[in-house]
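> predicted model follows, preceded by the sequence.
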Amino acid sequence: MFSNKKKQISIIGSGMAGLAAGALLTSKGYTVRIFEQNYLLGGCSSSYWRKGFVFEAGATTLVGFDTNQPLAFLSKETGIEIPRLTLELPMQVHLLDGTTISRYQDSGEWLAEAERCFGMKGQAAFWRFCKKVSDFVWRTSTAQRFFPPEKPADLLEALKAVKWDQPLYASLSLMSTMQLLNWFGLDTNKSFVAFVNQQLIITAQNTANEVNALFGAAALCYTNYENNYVMGGLINLVQPYCDYITQRGGEVLLRHAIEKIEDRVEGGHIIHTKKQGTFETDVVVFAIPANNVVEIYEPAKPHLQLMEGEQLASAFQMGIGFKPHRNYESLHHQVHLEGPLVGVGAKSIFLSLSHASDTSRTDEPGLMVASVSAHFHNPHLASQHPDKQPAIDQALAALQKADLLLPENIKYLHCSFAKEWEQWTARKWGFVGGYPQFMQIKPWQMNGHRLPAVKGKTTAYICGDTTYPGQGIPGAALSGIIAAEKIAADWK
Ligand SMILES: Cc1cc2nc3c(=O)[nH]c(=O)nc-3n(C[C@H](O)[C@H](O)[C@H](O)COP(=O)(O)OP(=O)(O)OC[C@H]3O[C@@H](n4cnc5c(N)ncnc54)[C@H](O)[C@@H]3O)c2cc1C
């Protein structure tokens, strides 16, 4: 049994990971059904309408379409094209001393800017090295679609795709980004280290002492690739994958929360929804965090490495509809804070704006939409931070000081902490952004994509930002791609 593509594949979760897996499996001829607990698609990469504005649910920056990157791979395999604008200036960073740093995409322009802001010493060699490593990481990640190897056949595929330089670069995962800074004599440059730490927080969820140099170099070069904006918000990133699946016989069932999965005696699984009864499936893919999987699928428990609340983060987030008082050179701004955000702990906030030409984000001409987010530590203790107002006031004051947003121009504002994230995504404790990078976990030790086999056959898989390769839209998409490739190899 389960020997052909007619078998039903059920995916729990319609975030970027679930949709990437679903679209790729559909393109390979499998029939896919996605269960989503929310009333909208996309999880942490989605958009919703409220009070006359279209707000981003979570993610706002978008990379992944350059050659060798996961969203480009998905387009190539499925033919799905995502309409998008490429940003001229991917990001600006506002330091405490008033310096504004422009993170240009072009490596030469960026190097000149880095030397202007942080001095000449070590910058050229450091950034050239990081870009080389980053190109390697992307090139390898989509070529190595059976990583981490979980059985001999994966290892064989991995060996087929191996290039001579892989072991050399892989050794960088044994050292921290801070050690890399030390190599280039940059670890004593205080303002540069502060900049690097806050940049890493965005893409690696941790700072230079804990992010390995392989991941860190790629994370720091995030802005040196095509950065994109999707008109109407990121709901228009995820919708085309859903359309692709449903137009080819698949289903995406919204408002279907899954509360338990059981193994069937004859193989496959029984899916128990909260309100819509049970469904049977041959193969199940959990596109939800590992911490959630173990709560609804008992057999996964001994197999998955779980991070605890104190290692994870949720997000402080404000959705703001406002009247702009100026033109903006960039849509994305990281603002360093004088002191940690009250009750949240973050040392910087991240502001993302709707594109000036995107009239679909507001009902009222001339207004714009802003999303402000920051890392919120210890999401499992979220009930101890009930008062949002001090954090809101501090964040607004920092944005005003950086001349990015004037409080008097705000038309509407709402704010989310961990509790709201838990409601929106059903993620345990409302933790978001995936598993942060930690030195003690090497890429090959991250959660793989297969769950324990039943009667010698694997019928349960996992993907998403708590499995390899981890965080962000491109990371979650890549994990979905790898899960789909492993399923296709197991169920030829
Ligand atoms: C505030 C914020 C800002 C971010 N900024 C960026 C950014 O700028 N760029 C970037 O690339 N990444 C960013 N990220 C990270 C990125 O959004 C996520 O890592 C990625 O979208 C995660 O995708 P996923 O599919 O793994 O998980 P999710 O998006 O969480 O998807 C899981 C889905 O499963 C559903 N679900 C959960 N449990 C069940 C259940 N029992 N039954 C049915 N459905 C269920 C959820 O509702 C959800 O839709 C940000 C995240 C946040 C929160």
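Arrived safely, thanks for sending. Numbering: from 1, shown residues only.
> who's in contact with residue 320?
369, 370, 371, 372, 405, 410, 412, 413 (C-beta atoms under 8 Å, 6 or more residues apart in numbering). Just so you know, the C-beta spots here come from the backbone N, C-alpha and C atoms, and that holds for glycine as well.
> what parts of the stretch 351-492 of the chain come near the ligand?
When proximity is defined by C-beta under 6 Å from any ligand atom, the stretch 351-492 of the chain lies next to the ligand at 373, 425-427, 432-434, 464-465, 471-473, 476.
> try 5 Å
Neighbours of the ligand within the stretch 351-492 of the chain, by C-beta under 5 Å from any ligand atom: 373, 425, 426, 432, 434, 464, 465, 472, 473, 476.
> try the chain
Residues of the chain lying close to the ligand by C-beta under 5 Å from any ligand atom are 13, 15-17, 35-38, 43-45, 58-61, 257-258, 288, 315, 373, 425-426, 432, 434, 464-465, 472-473, 476.
> quick one on the thing from earlier: neighbour-wise, which of the residues of the stretch 351-492 of the chain next to the ligand leads?
In terms of neighbours by other C-beta atoms under 10 Å, these top out with residue 464 at 34 neighbours.
> for it, pull up the helix or strand it's in.
If you go by DSSP states H and E, residue 464 is not part of any helix or strand.
> and the nearest residue in space to residue 307 that is not next to it in sequence, which of the three is it?
Leaving aside its chain neighbours, residue 307 sits nearest to residue 435 (5.2 Å; criterion: C-beta to C-beta, 6 or more residues apart in numbering). Under DSSP: H, G, I helix; E, B strand; the rest coil, residue 435 falls in the coil class.
> ok, residue 435 - contacts?
Residue 435 sits next to 205, 290, 307, 311, 312, 441, 446, 465, 466, 470, 471 when contact means C-beta under 8 Å, 6+ apart.
> the closest residue to residue 66 other than its chain neighbours: what's it in contact with?
In this structure, residue 66 finds its nearest non-sequential neighbour in residue 225, 4.7 Å apart by C-beta to C-beta, 6+ apart. Contacts for residue 225 (C-beta under 8 Å, 6+ apart) come out as 63, 66, 69, 105, 138.
> and the residues you listed, which is closest to the ligand?
For those, the minimum distance to the ligand (C-beta to the nearest ligand atom) is 6.9 Å, reached by residue 63.
> now do the closest one, the pLDDT please.
As predicted, residue 63 sits at a pLDDT of 98.
> buried among the contacts of residue 225? Make that a ChimeraX selection.
Buried subset of the contacts of residue 225, written as a ChimeraX selection, criterion 16 or more other C-beta atoms under 10 Å:
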select :63,69,105,138
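> narrow the residues of the chain next to the ligand to those in helices?
Within the residues of the chain next to the ligand, residues falling in helices by DSSP state H are 16, 17, 425, 472, 473, 476.
> can you put those residues in JSON lines and add pLDDT?
JSON lines is the format used below for those (pLDDT from 0 to 100):
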{"residue": "16", "pLDDT": "98"}
{"residue": "17", "pLDDT": "98"}
{"residue": "425", "pLDDT": "96"}
{"residue": "472", "pLDDT": "96"}
{"residue": "473", "pLDDT": "98"}
{"residue": "476", "pLDDT": "98"}
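> contact partners for residue 392?
By C-beta under 8 Å, 6+ apart, the contact list for residue 392 reads 318, 413, 415.
> now stretch 49-67: how far from the chain's centre is it?
Chain-centre distance of stretch 49-67: 12 Å, with C-alpha atoms, centre = their mean, to the nearest Å.
> state the distance from the closest residue to residue 149 other than its chain neighbours to the ligand.
Excluding its sequence neighbours, the residue lying closest to residue 149 (C-beta to C-beta, 6+ apart) is residue 155, at 4.2 Å. Going from residue 155 to the ligand by C-beta to the nearest ligand atom, to the nearest Å gives 26 Å.
> and residue 155, what pLDDT?
pLDDT, residue 155: 92.
> quick revisit: tell me the one of the residues of the stretch 351-492 of the chain next to the ligand nearest residue 340?
Nearest to residue 340, judged by C-beta to C-beta, of those is residue 373 at 15.1 Å.
> not counting sequence-adjacent ones, nearest residue to the closest one?
residue 317 (4.5 Å).
> ok so, going back, can you add secondary structure and distance to residue 82 and give the contacts of residue 225 back as JSON lines?
Converted to JSON lines, the contacts of residue 225 look like this (DSSP: H, G, I helix; E, B strand; the rest coil; distance: C-beta to C-beta, whole Å):
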{"residue": "63", "secondary structure": "coil", "distance to residue 82": "12"}
{"residue": "66", "secondary structure": "coil", "distance to residue 82": "13"}
{"residue": "69", "secondary structure": "coil", "distance to residue 82": "12"}
{"residue": "105", "secondary structure": "coil", "distance to residue 82": "18"}
{"residue": "138", "secondary structure": "helix", "distance to residue 82": "18"}
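> for the worst-scoring helix or strand of the chain on mean pLDDT, buried residues please.
None of the helices or strands of the chain scores lower by mean pLDDT, DSSP states H and E than helix 166-170, at a mean of 85. Burial within helix 166-170, assessed by neighbour count using 16+ other C-beta under 10 Å, is assigned to 166, 169.
> give me the residues contacting that helix.
Contacts to helix 166-170, defined as C-beta under 8 Å, 6+ apart, come from residues 133, 136, 137, 140, 214, 443.
> next helix or strand past that helix?
Downstream of helix 166-170, the next assigned helix or strand under DSSP H and E is helix 177-183.
> name the helices or strands packed onto that next one?
helix 123-143, helix 190-204, helix 213-220 (3 or more C-beta pairs under 8 Å, 6 or more residues apart in numbering; DSSP states H and E).
> okay, these, which one's buried deepest?
helix 213-220 (a mean of 26; mean count of other C-beta atoms under 10 Å).
> let me know the closest of the residues of the stretch 351-492 of the chain next to the ligand to residue 76.
Proximity of those to residue 76 (C-beta to C-beta) peaks at residue 473, which lies at 17.2 Å.
> noted, bye for now.
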